[in-house]
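K.L.:
Sequence first, predicted model second:
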Amino acid sequence: MFFELIEYLYSIFTPFRVFGYLTFRSAFAALTTLSICFIFGGKIIESLRRLKIGQSIRQDGPATHLLKSGTPTMGGIFIILSVVIAMLFWGNLQNKAIWITLGAFVAFGAIGFIDDFLKVKRHNSEGLPALAKLVLQFTVAITIVLVIYYTGGDETTALYIPFFKDPVFDMGIWWIPFAVLLVVGESNAVNFSDGLDGLLAGLLIVVFITLAILTYISGRFDYSNYLGIPFIPEAAELTVFCLAAAGACVGFLWFNAHPAEVFMGDVGSLSLGGVIAVISLIAKKEILIFVIGGVFVLEIASVIIQVISFKLRKKRVFKMAPLHHHYELMGWSETKTVIRFWILGGLFAIIALSTLKIQ
């Protein structure tokens with residue numbers, strides 16, 4: 001909304017032009033979400049506690065986690081609200097990529113909300129049935145992917161791989177199922193990574209800052225041409241969204257750091273995971289996102305390996321899946337596990353950014 005006023009403000013007072021700069025709006029979007037979380041986070045947590053919206057802990061998890069039972073959950077709600085408010089204020093609402101991203105963000109958040117609500121209502125860790133949850137995720141993913149497919153440019157179905165300057169090939173219609181699986185897979189991978197105080201929020205900060213750099217570069221012809229990556233004009237505006245999300249995650253981490261005062265819940269993890277995948281599709285970073293979110297890949301891979309191994313061999317590969325629980329049961333403290341996974345996430349981000357110069 002504010003973006004539309006800039007031209008008028010500029011005609012009155014020239015220095016107001018700074019409000020139109022993408023970097024300025026991105027920075028202030030981050031400050032906006034951070035401020036909203038700081039100011040209203042405590043009040044929201046108190047409301048969740050008063051409404052008895054507490055986390056139910058899985059009984060087969062680490063014994064130390066049983067003490068967390070009853071901790072307010074669904075904290076992802078104030079991440080979503082703060083980002084939406086910041087985007088309505090600082091984003092260019094004439095950019096279709098913004099609306100696609102916000103749509104995916106809110107839709108996946110709604111699925112997570114239903115899942116969390118059922119857990120709270122039933123006072124156990126069983127929310128939506130797995131099949132129902134997947135059906136809803138696939139429905140949202142298919143809708144979003146089709147919108148991108150039919151409104152995108154010539155680059156939409158081209159598959160780019162790190163270290164290669166030109167697209168490997170044009171996937172054509174096969175890009176649709178590939179993109180749908182990516183969105184659903186990333187959403188669940190991020191969801192599986194949420195299990196320790198501060199773990200997911202810290203990893204998401206790194207991922208969104210990395211995506212902010214990539215969307216900014218991809219949206220500028222001079223930078224993208226110099227680095228040999230696809231020029232996607234609409235992607236530039238997603239820098240505002242990425243930094244808004246990063247700011248919201250920093251604000252949430254303030255309350256989610258060990259010992260956590262609130263948990264993100266599926267409303268946060270599913271929405272943030274889904275939107276990461278959607279941003280990678282728009283910015284043509286479908287393959288690179290596996291590197292940027294390397295920790296998420298390891299987490300969901302550990303779950304898949306554990307399930308397959310137990311079904312086929314009746315043996316477990318890990319002490320417990322997802323992966324972060326395995327290291328907890330190996331004797332790592334929760335804080336040590338979180339910090340080491342943050343470091344690993346940072347290394348993956350550095351590797352991803354380094355590929356920009358190797359084309």
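P.N.:
That came through, no problem.
K.L.:
When you work out contacts or count neighbours from here on, use the C-alpha atoms and nothing else.
P.N.:
OK.
K.L.:
where in the stretch 51-200 of the chain is pLDDT low?
P.N.:
Regions of the stretch 51-200 of the chain meeting the criterion pLDDT under 70 cover residues 55-68.
K.L.:
Would you map the strands across it?
P.N.:
Assigned by DSSP state E, counting those that start in this stretch, the strands in the stretch 51-200 of the chain fall at 158-159, 169-170.
K.L.:
Turn those strands into CSV, including distance to Ile289 and mean neighbour count.
P.N.:
Formatted as CSV, those follow (distance: least, C-alpha to C-alpha, whole Å; neighbours: other C-alpha atoms under 10 Å):
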stretch, distance to Ile289, mean neighbour count
strand 158-159, 13, 18
strand 169-170, 18, 13
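K.L.:
Tell me which of these sits nearest to Val18.
P.N.:
strand 158-159 (35.3 Å; C-alpha to C-alpha).
K.L.:
now the closest one, how far from the centre of its chain.
P.N.:
Its chain's C-alpha centre and that of strand 158-159 lie 22 Å apart, by C-alpha atoms, centre = their mean, to the nearest Å.
K.L.:
for stretch 166-183, same thing?
P.N.:
With C-alpha atoms, centre = their mean, you get 20 Å for stretch 166-183.
K.L.:
Next, the distance between the ends of it.
P.N.:
24 Å (C-alpha to C-alpha, to the nearest Å).
K.L.:
What lies in contact with that stretch?
P.N.:
Stretch 166-183 is touched from outside by 138, 141-142, 145-146, 149, 157-161, 228-229, 273-275, 277-278, 281, 286, with contacts defined as C-alpha atoms under 8 Å, 6 or more residues apart in numbering.
K.L.:
quick revisit: tabulate the strands of the stretch 51-200 of the chain in a markdown table, adding columns for distance to Phe28.
P.N.:
As requested, the strands of the stretch 51-200 of the chain are exported to a markdown table (distance: least, C-alpha to C-alpha, whole Å):
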| stretch | distance to Phe28 |
| --- | --- |
| strand 158-159 | 33 |
| strand 169-170 | 38 |
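K.L.:
which other helices and strands contact the helix or strand where Phe208 lies?
P.N.:
Secondary structure assigned from DSSP states H and E places Phe208 in helix 199-218. Counting by 3 or more C-alpha pairs under 8 Å, 6 or more residues apart in numbering; DSSP states H and E, the packing neighbours recorded for helix 199-218 are helix 221-227, helix 238-256, helix 334-354.
K.L.:
any idea how far the spatially closest residue to Ile358 that is not a sequence neighbour lies from Phe192?
P.N.:
Nearest non-adjacent residue to Ile358, counting by C-alpha to C-alpha, 6 or more residues apart in numbering: Phe163, 5.4 Å away. With distances taken as C-alpha to C-alpha, Phe163 is found 29 Å from Phe192.
K.L.:
Comparing those two, which residue is more hemmed in?
P.N.:
Higher neighbour count among Phe163 and Phe192: Phe192, with 23 against 14, using other C-alpha atoms under 10 Å.
K.L.:
which SS class is the residue nearest the centre of the chain?
P.N.:
What sits nearest the mean C-alpha location of the chain, by C-alpha atoms, centre = their mean, is Leu272, with 3.0 Å. The local conformation at Leu272, judged by DSSP: H, G, I helix; E, B strand; the rest coil, is helix.
K.L.:
hang on, the earlier thing: off-centre distance for the helix holding Phe208?
P.N.:
Distance of helix 199-218 from the chain centroid (C-alpha atoms, centre = their mean) equals 9 Å.
K.L.:
That helix versus helix 334-354: what angle between them?
P.N.:
Interaxial angle, helix 199-218 versus helix 334-354 (axes from the mean of the first three to the mean of the last three C-alpha atoms, to 10 degrees): 10 degrees.
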